[in-house]
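>>> from the sequence below, what's the structure:
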Amino acid sequence: MAVLEKGSPRRESRSFGEWVNDERVRSVFYQILVAVAVIFVAHYLFTNTTENLKARGMSSGFDFLGSTAGFSIAWTVLPYNPDDNYFHVYLVGIVNTLTVSLVAIVCMTLLGFIVGVMRLSKNWLIAQIAAWYVEILRNTPLLLQILFWFLAVFSLLPRPRDSMSLIDLFFLNNRGFYMPAPVPGDGFDLTMIAILVAIVATYALAVWARKRHFATGQRFPAFWTGLGILFGLPLLVFLVTGAPLTFDYPSLQGFNFVGGVTVPPAFCALLLALVIYHSAYLAESVRAGILSVSHGQTEAAYSLGLRPGMTLRLVIVPQAMRAVVPPMISNWMNVVKNSSLAIAIGYPDLVAVFMQTSLNQSGHAIEIVAMVMLFYMSVSLSISLALNYYNKLVQLKER
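From the prediction side, this is the model:
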């Protein structure tokens with residue numbers, strides 16, 4: 001019979017039943033089991049697909065990305081010509097998609113907050129206009145709205161010779177929107193650096209002013225000071241370096257405009273549809289978030305002498321953001337994903353130029369679809385991580 005030494009811990013053997021009933025053991029076992037199943041299914045699908053492609057004489061892999069695309073794209077943000085390869089087409093599609101998505105997200109967020117606050121207005125007419133805006137546009141399919149703006153609005157605009165103009169610099173017709181194009185000269189990079197420095201300095205000033213206000217109770221004119229830094233510093237650098245920026249203005253030559261920046265009707269129609277449709281959803285989230293804040297917060301702010309505008313900006317909206325941010329994450333992700341509907345009106349987004357034209361030419365369906373899925377998944381996860389981080393910052397913290 002073994003004798004335990006004095007001071008040594010006593011080890012008790014566990015039966016098989018105790019191991020089976022241990023939640024930690026079962027949790028690890030089930031995770032290993034699921035991981036093995038996923039690996040097995042993925043391996044089976046990969047090998048089966050590869051064998052089927054070989055049996056049909058179809059090539060697989062990503063070597064096709066280096067081949068010449070050989071087709072033109074109607075409108076691009078990145079420079080592109082038909083001699084570029086398929087990987088460059090992939091990048092062009094990504095930039096086109098991100099361009100319309102980012103602009104739509106900014107405009108949709110601003111419009112959604114405005115309409116959401118309007119719905120709570122004490123003015124009956126304003127509240128009713130906002131309510132009808134939300135109910136009509138939220139319950140109309142997005143694809144129909146895209147087609148409406150493209151076919152019933154932008155396609156019926158006047159011809160270039162009869163363009164609608166603003167101070168003879170901005171022109172709108174059935175071929176798109178035309179505006180001056182900036183042409184930076186030597187030394188303009190210093191102005192861009194000054195803009196970045198001004199943004200960082202303005203943010204640092206706002207943080208310092210906020211901490212100072214909480215510590216001493218004294219307010220600092222951070223808004224006007226930051227505004228002066230934000231515009232004054234780049235303007236000063238711009239003037240000192242000799243104003244190295246000129247503009248290429250659009251001018252009517254023949255049957256169309258030449259020069260400047262051209263935004264096609266498909267971009268304008270898609271942008272308007274995305275902004276209007278998703279702002280209606282965000283407006284309801286904003287309204288619900290504001291209503292979730294106790295009315296006592298408003299009364300307390302009024303008792304301290306705050307005006308309604310400052311009460312909304314400093315008291316109500318910061319607390320409402322805790323309820324607004326989670327649905328806003330889905331709204332932002334849906335803007336990016338729903339931009340793929342642009343294929344219906346011919347806007348050259350990622351789906352149109354890569355998953356349609358490139359796929360039809362190269363035949364590499366699996367690789368192309370996987371790359372497109374990877375892009376949308378990466379963007380969605382990035383938006384989710386960024387807004388979830390912000391959501392944690394605005395949540396109540398127990399002390």
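>>> would you map the strands across the stretch 251-399 of the chain?
Assigned by DSSP state E, counting those that start in this stretch, the stretch 251-399 of the chain shows strands spanning 251-253, 256-258, 261-263.
>>> I figured A222 was touching A206, is that so?
Yes - A222 is in contact with A206 according to CB atoms under 8 Å; the separation is 5.3 Å. In this view, the C-beta of every residue, glycine as well, is placed from N, C-alpha and C.
>>> measure the spatially most central residue of the chain to M108 for me?
In the chain, the residue lying closest to the centroid (CA atoms, centre = their mean) is L102, at 4.6 Å. Noted for L102: a distance of 11 Å to M108, by CB to CB, to the nearest Å.
>>> repeat for R313
Taken as CB to CB, the span from R313 to M108 is 20 Å.
>>> with neighbour numbers in mind, choose between these two.
The neighbour comparison of R313 against M108 (other CB atoms under 10 Å) goes to M108, with 26 against 12.
>>> so who does that one touch?
Neighbour list for M108: 274-275, 278-279, 282, 331, 335 [criterion: CB atoms under 8 Å, 6 or more residues apart in numbering].
>>> what of Y302?
Counting by CB under 8 Å, 6+ apart, Y302 makes contact with T311.
>>> and Y80, by the same measure?
Counting by CB under 8 Å, 6+ apart, Y80 makes contact with 73, 88-89, 92.
>>> and which of these is nearest I345?
The closest of the contacts of Y80 to I345 turns out to be I73 (CB to CB; 15.0 Å).
>>> which element is F87 on?
F87 is part of helix 86-118 when elements are defined by DSSP states H and E.
>>> chain center to that helix, what's the gap?
5 Å (CA atoms, centre = their mean, to the nearest Å).
>>> list the buried residues in that helix.
Burial within helix 86-118, assessed by neighbour count using 16 or more other CB atoms under 10 Å, is assigned to 86-94, 96-101, 104-105, 107-109, 111-113, 115-118.
>>> so where's the protein uncertain?
Along the chain, the parts satisfying pLDDT under 70 run over 1-22, 49-50, 53-61, 394-399.
>>> helices along the stretch 151-300 of the chain, start to end?
Here the stretch 151-300 of the chain has its helices, by DSSP state H, counting those that start in this stretch, at 188-216, 222-240, 265-291, 295-303.
>>> mind listing what the residue nearest to S384 when sequence neighbours are not counted touches?
Spatial nearest neighbour of S384, excluding adjacent residues (CB to CB, 6 or more residues apart in numbering): I329 at 5.7 Å. By CB under 8 Å, 6+ apart, the residues touching I329 are 383-384, 387-388, 391.
>>> cool, L230 as well?
With contact set as CB under 8 Å, 6+ apart, L230 has these partners: 198-199, 202.
>>> pull out the buried members of those.
Neighbour-count burial (16+ other CB under 10 Å) is assigned, among these, to 198, 202.
>>> residues contacting D248?
Contact analysis of D248 by CB under 8 Å, 6+ apart lists 180-183, 259-260.
>>> again, only using 7 Å
Under the criterion of CB atoms under 7 Å, 6 or more residues apart in numbering, the neighbours of D248 are 180-181, 183, 259-260.
>>> who wins on neighbours among the residues you listed?
Result: G260 is most packed of the contacts of D248 (other CB under 10 Å), 19 neighbours.
>>> surely that residue is in contact with V183?
No - applying CB atoms under 7 Å, one finds G260 not in contact with V183, separated by 10.5 Å.
>>> how's the chain carved up into domains?
The record's domain parsing of the chain by automatic domain parsing lists 86-145+274-394, 181-248.
>>> from those domains, which stretch is densest packed?
Among these, domain 86-145+274-394 has the highest mean neighbour count (mean count of other CB atoms under 10 Å), at a mean of 17.
>>> how far out from the middle of the chain is that domain?
Relative to the chain's own centre, domain 86-145+274-394 is displaced by 7 Å; criterion: CA atoms, centre = their mean.
>>> ok, stretch 140-155 next?
Computed by CA atoms, centre = their mean, the chain-centroid distance of stretch 140-155 equals 22 Å.
>>> let me see the contact set for L205.
So L205 contacts 222, 225-226, 229 (CB under 7 Å, 6+ apart).
>>> in CSV, list the residues you listed along with distance to S27.
Compiled in CSV, these are given as follows (distance: CB to CB, whole Å):
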residue, distance to S27
A222, 50
T225, 55
G226, 51
I229, 54
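>>> next one: D186 from G242, what distance?
Between D186 and G242 the computed distance is 9 Å (CB to CB).
>>> typo on my end, G260
Between G260 and G242 the distance is 23 Å, computed by CB to CB.
>>> what do you get for G259?
23 Å.
>>> try F171
Taking CB to CB as the measure, F171 falls 30 Å from G242.
>>> do the same with V92
35 Å.
>>> now E299
According to CB to CB, E299 and G242 sit 57 Å apart.
>>> go through the contacts of L230 and name the one nearest P348.
For the contacts of L230, the closest approach to P348 (CB to CB) belongs to I199, at 31.5 Å.
>>> ok, and the closest non-adjacent residue to the closest one?
L230 (6.9 Å).
>>> switch the contacts of D248 over to TSV; also include distance to N360.
As requested, those are arranged in TSV below (distance: CB to CB, whole Å):
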residue	distance to N360
P180	38
A181	33
V183	37
G259	34
G260	33
